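Q: Fold the stuff below for me.
(2 chains)
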Amino acid sequence: MSTPEEFEDPLSNYEPPEYDDPLHQALAEETVAEISGRPFLTITPDTPIERAVRTLADAEIACLLVAEDYELKGVFSLRDMLDKVADRLPELKGRPVSEFMSAEPVYVQESDSASAAISVMAVIGHRHVPVLDVNDKIAGIVSPQRVTRFLLDRFE
Amino acid sequence: MGLQQNLQNEPIKRLALRDALVVTPETTVRDAIGLMREKNLGCVIVVDPSGKARGTFTERELAKLLARDVESSASIDGPVGEHLSPEWAATSIESSIVDMVKLMRQHKLRFIVVVDSDGKPTALTGQKGLMEYVADYFPREVMVQRVGLKAPTEQREGA
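A: Predicted structure coming up:
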């Protein structure tokens, strides 16, 4: 055996013992701000429902934030579209998206951990979680795609 | 073993798999919507007469179809086979979780069809099951969400 002074890993102190691997640790310690930043789209609550659907289709995104002056009012996702409007859009034409959005969505703060956002996705079942800043204004959105990218970066 | 190793070593059957909602190409979009609502799932799998998976129809195709056809219900009452996803992917239940994640990223997919050795769909997997799997490593955060409280924000000096 060599003497500890010679061979002690200088990085060993950076690994808190409670995490058994680097990915687990990264998800617990990195903040939502570090994994969000995805471009997000907001629409106002009075947007006609057919325009909200067209925005989802054209932008190829799964979730719109419904907001006024960066204040979050709700989210309108592909799932809201499927559940509430898909079979009768022509008759709903012109009605505001606020009637069909999910109001008061669960959100995370920029300073929350990435794992907190993942837990919201797992427990609440929403795949897209709005991110608010310290002033409760919209800062972004966390999606499974961002988490997936984050995970895969560890394997490349 | 840790999360990173387990993602690499564990097969996708360890994920919470979803039902394979199987339809034929002639099924109407309206009936597909009914099935997706009933099972709370954003994807149906289209099979050929022998039962082999031939494609998927997802919420994304539904949005495109609705956006094109705001004035009438014509395409809603048409066959789902005309609106298949441009990309889809299938894998075996024995493949590793990380390979499934790579497949999702490569093709920008939310859902991956799980097929048997004959190419017949047996289940559906994707982002949701992956998030649930990862969340299992964070029981404290999950508990916070279940109880409906927010975790106390850690105060950093100078932050």
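Q: Which residue ranges of chain B form strands?
A: Using DSSP state E, the strands of chain B run over B:22-23, B:43-47, B:53-58, B:90-91, B:111-115, B:121-126.
Q: In CSV, list these along with mean neighbour count and mean pLDDT.
A: C-betas here are computed from N, CA, C, even on glycine. Listed next are these as CSV, based on neighbours: other Cβ atoms under 10 Å in any protein chain shown; pLDDT from 0 to 100:
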stretch, mean neighbour count, mean pLDDT
strand B:22-23, 18, 98
strand B:43-47, 24, 98
strand B:53-58, 23, 98
strand B:90-91, 16, 97
strand B:111-115, 24, 97
strand B:121-126, 22, 97
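Q: Local confidence estimate at A:Arg51?
A: pLDDT for A:Arg51: 97.
Q: on contacts alone, who are the packing partners of whichever strand or helix holds it?
A: Assigned by DSSP states H and E, A:Arg51 belongs to helix A:49-59. Other helices and strands packing on helix A:49-59, by 3 or more Cβ pairs under 8 Å, 6 or more residues apart in numbering or on different chains; DSSP states H and E, are strand A:42-43, strand A:63-68, strand A:71-77, helix A:89-92, helix B:59-68.
Q: Nearest approach to A:Val106 belongs to which of these?
A: Relative to A:Val106, the nearest member of the helices and strands packed on helix A:49-59 by Cβ to Cβ is strand A:71-77, separated by 9.6 Å.
Q: now A:Ser77, nearest residue through space, not along the chain?
A: A:Cys63 (4.1 Å; Cβ to Cβ, 6 or more residues apart in numbering or on different chains).
Q: hang on, the earlier thing: using JSON lines, please lay out the strands of chain B together with distance to chain A.
A: Converted to JSON lines, these look like this (distance: least, Cβ to the nearest Cβ, whole Å):
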{"stretch": "strand B:22-23", "distance to chain A": "15"}
{"stretch": "strand B:43-47", "distance to chain A": "11"}
{"stretch": "strand B:53-58", "distance to chain A": "8"}
{"stretch": "strand B:90-91", "distance to chain A": "15"}
{"stretch": "strand B:111-115", "distance to chain A": "11"}
{"stretch": "strand B:121-126", "distance to chain A": "8"}
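Q: right, so of the ones you listed, which gets closest to A:Met101?
A: Closest among those, using Cβ to Cβ: strand B:53-58, at 20.7 Å.
Q: Name all residues that make contact with residue 58.
A: Picked chain A for this. Counting by Cβ atoms under 8 Å, 6 or more residues apart in numbering or on different chains, A:Asp58 touches B:Ala67.
Q: Wait, chain B was what I had in mind.
A: Counted by Cβ under 8 Å, 6+ apart, B:Thr58 has contacts B:Gly42, B:Cys43, B:Val44, B:Ser85, B:Arg110, B:Phe111.
Q: how deep is residue 78 tucked in, by neighbour count?
A: Unless you meant another one, I'm taking chain A. 24 (other Cβ atoms under 10 Å in any protein chain shown).
Q: nope, chain B
A: 16.
Q: Helices of chain B, start to end?
A: Using DSSP state H, the helices of chain B run over B:3-9, B:29-39, B:59-68, B:97-107, B:127-135, B:139-147.
Q: My error: substitute chain A in the last question.
A: Here chain A has its helices, by DSSP H, at A:4-7, A:22-29, A:32-35, A:49-59, A:78-80, A:89-92, A:114-124, A:144-153.
Q: Out of these, which is the most enclosed?
A: Highest mean neighbour count of those: helix A:114-124, a mean of 25 (counted as mean count of other Cβ atoms under 10 Å in any protein chain shown).
Q: Wondering if it reaches chain B at all.
A: Yes. With Cβ under 8 Å from any Cβ of the partner chain as the criterion, chain B is reached by helix A:114-124 at A:Ser115, A:Ala116, A:Ile118, A:Ser119, A:Val120, A:Met121, A:Ala122, A:Val123, A:Ile124.
Q: Now for the second one: which residues touch it?
A: By Cβ under 8 Å, 6+ apart, A:Ala116 lies in contact with A:Val32, A:Val108, B:Phe138, B:Glu141, B:Val144, B:Gln145, B:Ala151.
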